[in-house]
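> Just a sequence and a predicted model for now, questions to come.
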Amino acid sequence: MHKARSVFLWAIVAILEIALITLPVSLQAQLIAGISVVTLMGTIKILNAQGTWRLVSLALGTGIVLRYVYWRTTETLPPIDQIQDFVPGMILYLAEMYNVLMLALSLFIVAMPLPPRPSRTDATEDLPDVDVFIPTYNEDANLLANTLAAAKAMDYPAEKLHIWLLDDGGTVQKRSSADVASAEAARERHHQLAQLCQILGANYLTRERNEHAKAGNLNNGLAHSSGELVAVFDADHAPARDFLRETVGYFAEDPKLFLVQTPHFFINPDPLERNLRTFDTMPSENEMFYGVIQRGLDKWNAAFFCGSAAVLSRRALEQTGGFSGLSITEDCETALALHSAGWNSVYVDKPLIAGLQPATFASFIGQRSRWAQGMMQILHFRFPLFKRGLTLPQRLCYMSSTLFWLFPFTRATFLFAPLFYLLFDLQIFVASGGDFLAYTLSYLIVNLMMQNYLYGSFRWPWISELYEYVQTVHLLPAVISVMINPRKPTFKVTAKDESIAVSRLSEISRPFFVIFAILVIVTGFGIYRIYTEPYKADITLVVTGWNILNLILAGCALGVVAERGERAASRRVRLQRRCEVMVDDRPLAASIEDVSVGGAQVHIFSRQVHGLSRGKTALLRFQPHGMTRMETLPITIRSFEPSGDLTVIGVQYQPAGPLDHRWIADLIFANSRQWSQFQESRRKNPGIVKGSLMFLSMALYQTSRGLAYFVRRQGGDRPVKQGGDR
């Protein structure tokens, strides 16, 4: 009875909503309605009202969006007999409807996401055996040593923790290659990593052939291990000590659980963050996904495997044939198969690993191309909407995750649509200036407010548009190619332990300058038309404004592809940890103030320290987590400077052997709280107005910086990328 009453009430509300949306009103009434909704939504936001009020605000915004869709569909499409207007007009219309669809799916997923789960670090008596898989292909041995050491140091019974380095760079196929140089490099790598694993207490495993890329490598690990659970870490993803304590316990509570996924936290900026200088002050791009969207997916039992920082059930994997390898995004495909087989997933919103992001813009685009192509393969081969075994919410969640990667089409459409009118006078959007003001402007403002309501502390205004634009230029052909030939893409490992020694323009930056130049010319032409054609100045003004918005994004992108030189692969993380610095066998009381993957800053509690010099070797003594004795790490003094009653020194790690990486890993990765604290320090919501002004200021500066790099290169200064120490 209660269910029937709920359905009846929902039907009544839906009928009333449709009636309101389709109600014919004057432009003045529509404008008043838009202003009223924006005011109400703004008031709710200012009061920080949650719960039901959050849903009320989103419902009000949805009404304006649907009103716009109805008006756009019934009154603005060009006549079909004017084919030169109708075709581009329909392309623009479909792009807008795609955005509305993605907004609807986002609202369904994250309107009321699950709150973060409480910590579960309490000890459990009966713990299962865990196999830790670290797949690798071409990563450096020092990077792998840090990850292996961090995995080995996890707080878990030693007899139940089995570390596996799955090396696809030293396979028999590679060691037997006809290319003598490649074969010798593979043999040397095989020997070096096998020895590294032996010293660190890990298992080294390779295979005959490089088949099915990462999925095949993981399945080979399954075939040679027997643990009840499998934890997967990318080669550059080092876990904190409490990773397994925070994740393993969920499997005891739910026998149908196949996955516990945790966020990917990065200790270095991506190319946009580095070149725009936003890493320390603005939430990272992936925080919107891991901080909001995955919690929303978790509500519908649709949180999916992200390839690393996760624990999976061996029993579940064996039921579905292991890790899926039909697409090049084996993680999401594997989760889709297991969800459709009736298994469950859990998302733990706490950073428990620290990894590296691609340092160069080209590597960043390569990574995103693989993600986009893999999701398109899943859409083609697995089509989640009709996937048997999934619940309806799970179907919608997976459709949202895969359809998202069609954004290059819509972003390209919005970029070039103003040109159809300003250059060729095509009427692809039949409306007056007043119509734009009453319908389109209110729709855009409400859309911004809804996005800010959903993701405000995790994604600032216009940042999503910037990320989409800089990816669109190169992702569009990648997505088109996989649509034409879904089996063509192959798995390519993303290079992450890179650095840029000198400032330079990215090798794939040319299209961004071409587009920027075109938009500048078109803006000038639009201004010219406003003055020469006053009888339609209202429409021309609106379209020129649209083009200027595109120009601002394109200008900011010039700063993105103007790569700043930076030798360090990671930023320093602040902490306070007591230690001793041994200089010429003299122990000096000190504290470690910050750390990175290459070195640390140490405060010695003495104003003057005799014997210090740049390049001098010393020892850093500290107590590792979970241990009672002090351990020693060799260091080199890189800098020193008196500061009040202290001497501040910068040191570089000088590991004498693989075992020293245990202490480097302990300094950097053991404490997961430092990652959470760093993320929280960046999560501030500037609001739409302030955020927009901040973006405009950043865009103007980055435009000038990008153009300066371009002029410098044209003048003959062509710096090249060089290797740098990490």
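Perfect, I can see it now. The structure displayed is predicted, hence computed values, not measured ones. Numbers count the residues shown, from 1 in each chain.
> Would you tell me which strand is longest in this protein?
Secondary structure assigned by DSSP state E gives strand 631-643 as the longest strand of the chain.
> Please list the outside residues in contact with it.
Taking Cβ atoms under 8 Å, 6 or more residues apart in numbering as the criterion, the residues outside strand 631-643 that touch it are 581-582, 599-600, 603, 607-609, 612-624, 647-656, 660, 662-664, 667. Every C-beta, even on glycine, is put in place using the N, C-alpha and C of the backbone.
> Please list the members of these that lie in helices.
662, 663, 664, 667 (DSSP state H).
> out of these, who's nearest residue 714?
For those, the minimum distance to residue 714 (Cβ to Cβ) is 43.3 Å, reached by residue 664.
> Could you report the neighbour count for the closest one?
Other residues within reach of residue 664 by the criterion other Cβ atoms under 10 Å amount to 23.
> Low-confidence stretches in this protein?
Per-residue confidence of the chain (counting by pLDDT under 70) places the weak regions at 1-14, 16-17, 122-125, 491-499, 567-570, 716-726.
> Give the closest residue to the residue positioned nearest the centre of it in space, chain neighbours not counted.
The structure's the chain has its C-alpha centroid closest to residue 286; by Cα atoms, centre = their mean the separation is 2.8 Å. Nearest residue to residue 286 in three dimensions, chain neighbours excluded: residue 264, at 6.1 Å (Cβ to Cβ, 6 or more residues apart in numbering).
> so the one you found sits right up against residue 237, yeah?
Yes - the pair residue 264 and residue 237 passes the contact test of Cβ atoms under 8 Å, sitting 7.2 Å apart.
> shared neighbours, the two?
The overlap between the contact sets of residue 264 and residue 237 (Cβ under 8 Å, 6+ apart) consists of 308, 309, 353, 355.
> contacting residues for the closest residue to the last one other than its chain neighbours?
What that stands for is residue 355. Take residue 355 and drop its neighbours on the chain: the residue closest to it by Cβ to Cβ, 6+ apart is residue 237, 4.0 Å away. Contact analysis of residue 237 by Cβ under 8 Å, 6+ apart lists 147, 264, 308, 309, 353, 354, 355.
> Looking at those, spot the one nearest residue 154.
Proximity of the contacts of residue 237 to residue 154 was ranked by Cβ to Cβ; the top entry is residue 353 with 10.7 Å.
> give the contact list for that closest one.
Shown here is residue 353, whose contacts under the criterion Cβ under 8 Å, 6+ apart are 233, 237, 238, 239, 240, 243, 262, 264, 265, 308, 309, 669.
> Recalculate using a threshold of 10 Å.
With contacts taken as Cβ atoms under 10 Å, 6 or more residues apart in numbering, residue 353 has the following neighbours: 147, 150-151, 233-234, 236-240, 243, 262-266, 308-310, 669, 672, 675.
> just residue 275 next, same as before
Contact criterion Cβ under 10 Å, 6+ apart gives 269, 361, 500, 503, 506, 558-564, 566, 702, 705-706 as the residues in contact with residue 275.
> Then residue 552?
By Cβ under 10 Å, 6+ apart, residue 552 lies in contact with 462, 465, 466, 519, 695, 696, 698, 699, 700, 703.
> burial count for the first one?
Residue 462 is flanked by 21 other residues according to other Cβ under 10 Å.
> First-to-last residue distance for stretch 613-622?
Counting by Cα to Cα, to the nearest Å, the length from the leading to the trailing residue of stretch 613-622 is 22 Å.
> one step back: ok, so of the shared contacts of residue 264 and residue 237, who is nearest residue 630?
Sorting the shared contacts of residue 264 and residue 237 by how near they are to residue 630, with Cβ to Cβ, puts residue 353 at the top with 26.8 Å.
> I figured residue 452 was touching residue 288, is that so?
No - the pair residue 452 / residue 288 is not scored as a contact, 11.8 Å apart, by Cβ atoms under 10 Å.
> picking that back up, so how far is residue 199 from the residue nearest to residue 355?
Relative to residue 199, residue 237 is positioned 21 Å away (Cβ to Cβ, to the nearest Å).
> how about the helices in the stretch 251-400 of the chain?
Ranges of helices within the stretch 251-400 of the chain are 271-276, 286-288, 294-299, 314-319, 330-340, 361-381, 392-403, based on DSSP state H, counting those that start in this stretch.
> To residue 591, which of these lies closest?
With Cβ to Cβ as the criterion, residue 591 lies closest to helix 271-276 of these, at 28.6 Å.
> Any buried residues in that closest one, and which?
By neighbour count on 16 or more other Cβ atoms under 10 Å, the buried set for helix 271-276 is 271, 272, 273, 274, 275, 276.
> how about residue 235, what does it touch?
For residue 235, the contacting residues are 134-140, 143-144, 146-148, 165-167, 169, 308, 355-356, 493, 496-497, taking Cβ under 10 Å, 6+ apart as the criterion.
> if we go to 6 Å?
Going by Cβ atoms under 6 Å, 6 or more residues apart in numbering, residue 235 touches 136, 139, 144.
> roughly how far apart are the closest residue to residue 25 other than its chain neighbours and residue 438?
Spatially, and ignoring its direct neighbours in sequence, residue 25 is nearest to residue 33 (7.4 Å; Cβ to Cβ, 6+ apart). The spacing between residue 33 and residue 438, counted by Cβ to Cβ, is 9 Å.
> and residue 270, how many neighbours does it have?
23.
> which non-adjacent residue is nearest it?
Nearest in space to residue 270, with sequence neighbours left out and distances taken as Cβ to Cβ, 6+ apart, is residue 357 at 4.5 Å.
> Settle this for me: that neighbour is touching residue 266, isn't it.
Yes - in terms of Cβ atoms under 6 Å, residue 357 counts as a neighbour of residue 266; the distance is 4.6 Å.
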